[in-house]
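Trainee: only the shape, not the letters, is given here:
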Ligand code: FAD
């Protein structure tokens, strides 16, 4: 068996594996897509100490760093079940069963898609999902935020300080965000709020140049000219396969303590799949390191070597 078996090969899983391998213990990573969400990112400017890089380049350097250690990397493999028996058993979709004395879950998350024409085509060309990441790219420009829940309204407030103008678009009659956030966003002079608006298309040529929505009250189609669209309709943790096996919160995020431990002894978790307050590369890496050290601590106390 592995001493530490990491499920998920994004920033959190890579950090967990490197920290584990550096203890000289048998470490494996199983990942559907090595690099995770970073593969879908163009420019990254907030990995502290690395002024600017690009997603694919960063994934390559993550992988090179992981491969520098004796880590068993199993790519293009998807886990479908995790079960605690004598050891912890991870069943893959191809039927294989991997065993670990400890397991670190780092399966990440995915942004809920709007699923309108233009969204896919203009990803990284004006369509964005993360205001902390991509806000500064739109400095001085006009953008829309789609989604009137807490994350949408927070994004509108955040972006209003960076861009020229924000149009906040909500599908239903009212914003759903906390009252204090609604008051704050309404007080901002460069934010326009449009409710009852169903986004129908993101338009552009080589980059985004506008957005079309349908006024749900009048049925009228309207156009907004802008350079960026932030889609804020939810971040979904990749934890469906863990339902019933591990304690999660109402959003499906794995609940962890300050050592990265879950409610099942020997199973740890890190990164965007957990109930961590914020979801970023540096934060995921930090929590991956924490979970690895937590797993190591657990092993020296509980597991016969
Ligand atoms: P992920 O990166 O999501 O990795 C999850 C891993 O688990 C992947 O290897 C995946 O294939 C694997 N996996 C999932 N399910 C299974 C399964 N059942 N079995 C096996 N493997 C599985 N953050 C920043 O700090 N700066 C930025 O500029 C930035 N820009 C972003 C731009 C975009 C477009 C997106 C989508 C995100 C951006 N982020 C950015 C957020 C950042 O990418 C995430 O916070 C970070 O990747 C989370 O790392 P993670 O390891 O927890 O999860």
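Mentor: The structure has been received and is ready for your questions. None of these values were measured; they are calculated from a predicted model.
Trainee: tell me who's in contact with residue 19.
Mentor: If you count contacts by C-beta atoms under 8 Å, 6 or more residues apart in numbering, residue 19 has them with 288-289, 292-293, 296. For glycine as for every other residue, the C-beta is placed from the backbone atoms N, C-alpha and C.
Trainee: of those, just say which sits nearest to the ligand.
Mentor: For the contacts of residue 19, the minimum distance to the ligand (C-beta to the nearest ligand atom) is 6.9 Å, reached by residue 288.
Trainee: buried sites along the helix or strand the closest one falls within?
Mentor: Element membership of residue 288, judged by DSSP states H and E, is helix 281-302. Neighbour-count burial for helix 281-302, with 16 or more other C-beta atoms under 10 Å as criterion, is recorded at 281, 283-296, 298-299.
Trainee: now the contacts of residue 19 in a markdown table, with pLDDT?
Mentor: Putting these into a markdown table (pLDDT from 0 to 100) gives the following:
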| residue | pLDDT |
| --- | --- |
| 288 | 98 |
| 289 | 98 |
| 292 | 98 |
| 293 | 98 |
| 296 | 98 |
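Trainee: for the residue lying farthest from the centre of the chain, what are its contacts?
Mentor: Seen from the C-alpha centroid of the chain, the residue lying at the greatest distance (C-alpha atoms, centre = their mean) is residue 218, 36.4 Å away. With C-beta under 8 Å, 6+ apart as the criterion, no residue contacts residue 218.
Trainee: how about it, secondary structure?
Mentor: coil (DSSP: H, G, I helix; E, B strand; the rest coil).
Trainee: residue 108: neighbour count?
Mentor: 28 (other C-beta atoms under 10 Å).
Trainee: tell me how far the residue farthest from the centre of the chain lies from the ligand.
Mentor: Computed as C-beta to the nearest ligand atom, to the nearest Å, the residue 218 to the ligand distance reads 34 Å.
Trainee: hmm, back to that, anything in the helix holding residue 288 near the ligand?
Mentor: Yes - residues of helix 281-302 are located near the ligand by C-beta under 6 Å from any ligand atom, namely 281-282, 284.
Trainee: give me phi/psi at the residue farthest from the centre of the chain?
Mentor: Backbone geometry at residue 218, expressed as degrees, to the nearest 10, gives phi -100, psi -20.
Trainee: can the contacts of residue 19 go into TSV with extra columns for distance to residue 19?
Mentor: Converted to TSV, those look like this (distance: C-beta to C-beta, whole Å):
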residue	distance to residue 19
288	7
289	5
292	3
293	6
296	8
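Trainee: got the contact list for whichever residue of the stretch 101-250 of the chain sits closest to the ligand?
Mentor: When scored by C-beta to the nearest ligand atom, the stretch 101-250 of the chain has residue 108 as its residue closest to the ligand, at 1.9 Å. Each residue near residue 108 by C-beta under 8 Å, 6+ apart is listed here: 8, 10, 12, 36-37, 237-238, 271-273, 284.
Trainee: residue numbers of the stretch 101-250 of the chain in contact with the ligand?
Mentor: 106-109, 111, 129-130, 133, 238, 241.
Trainee: distance of the residue of the stretch 101-250 of the chain closest to the ligand from residue 79?
Mentor: Relative to residue 79, residue 108 is positioned 12 Å away (C-beta to C-beta, to the nearest Å).
Trainee: and for residue 106?
Mentor: 11 Å.
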